[in-house]
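S.K.: got a predicted structure here, sequence first:
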Amino acid sequence: MNSNSEQSNTTLDSDAVFTSLLPTLQARMLALSRCPQIADDIVQDCYLQWVRQCDQRGPPHYPRAWLLTVAARRYFVLARRPLSSNVGEAADQVASVVADPAQSYERAILKDDVTAALATLSEMQRDVVIGKLMNDLTFREIAEQLDIAVPTAKTHYLRALRHLRERLQEVSEIER
């Protein structure tokens, strides 16, 4: 019986941790996707992964970093799908074009270019970039989360930035 009460306490604790991080997660996903429906879907997916993680291995050591990384990965998976398969995002983009067509068009092209460039990175480089730029993690936090050395995290970050810069310059030269 003691085992069941310990398990229910762990579940309550992990739910409390998730609930405390929920506003941050929702805000980040809304800022990234610019579509409330997509942000909600990603948050729900994150919760399911959170429950699986806590049941199988226990809560992550760095829950905020873990959740934001899982959410960012999920967003990039969704972003790679064709626009026609994502009606909510299409509606959001149409609404933003109606508001200010020129600025919205440029923003959409830039977002597509950055998403495509991020997709060309290795998974490790993408995780480091997302951790550093989107989740405001230190290199130490990133290294601990990914189980790599701090200098290795820095190297992945610098190589990823160099690669992104090159890819975006190539795209910029093609568009001229």
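M.R.: Alright, I've got the coordinates.
S.K.: burial count for residue 126?
M.R.: Neighbour count of residue 126, defined by other Cβ atoms under 10 Å: 20. C-beta: built from backbone N, CA, C; applies to glycine.
S.K.: is it in contact with residue 69, as I believe?
M.R.: No. The criterion here is Cβ atoms under 8 Å, and residue 126 misses it with residue 69 at 9.7 Å.
S.K.: can you say which helix or strand has the residue nearest in space to the middle of the chain in it?
M.R.: The centre of the chain sits closest to residue 72, judged by Cα atoms, centre = their mean, with a distance of 1.1 Å. Using DSSP states H and E, residue 72 sits within helix 63-80.
S.K.: what is that helix packed up against?
M.R.: Helix 63-80 is packed against helix 2-33, helix 36-56, helix 101-119, helix 123-129, helix 139-146, with contacts defined by 3 or more Cβ pairs under 8 Å, 6 or more residues apart in numbering; DSSP states H and E.
S.K.: now the angle from that helix to helix 139-146?
M.R.: If you take axes from the mean of the first three to the mean of the last three Cα atoms, to 10 degrees, helix 63-80 sits at 70 degrees to helix 139-146.
S.K.: who's in contact with helix 63-80?
M.R.: For helix 63-80, contacts defined as Cβ atoms under 8 Å, 6 or more residues apart in numbering pick out 17-18, 21, 24-25, 28-29, 32-33, 38, 41-43, 45-46, 49-50, 53, 60, 86, 115, 118-119, 126-127, 130-131, 134-135, 137, 141-142, 145.
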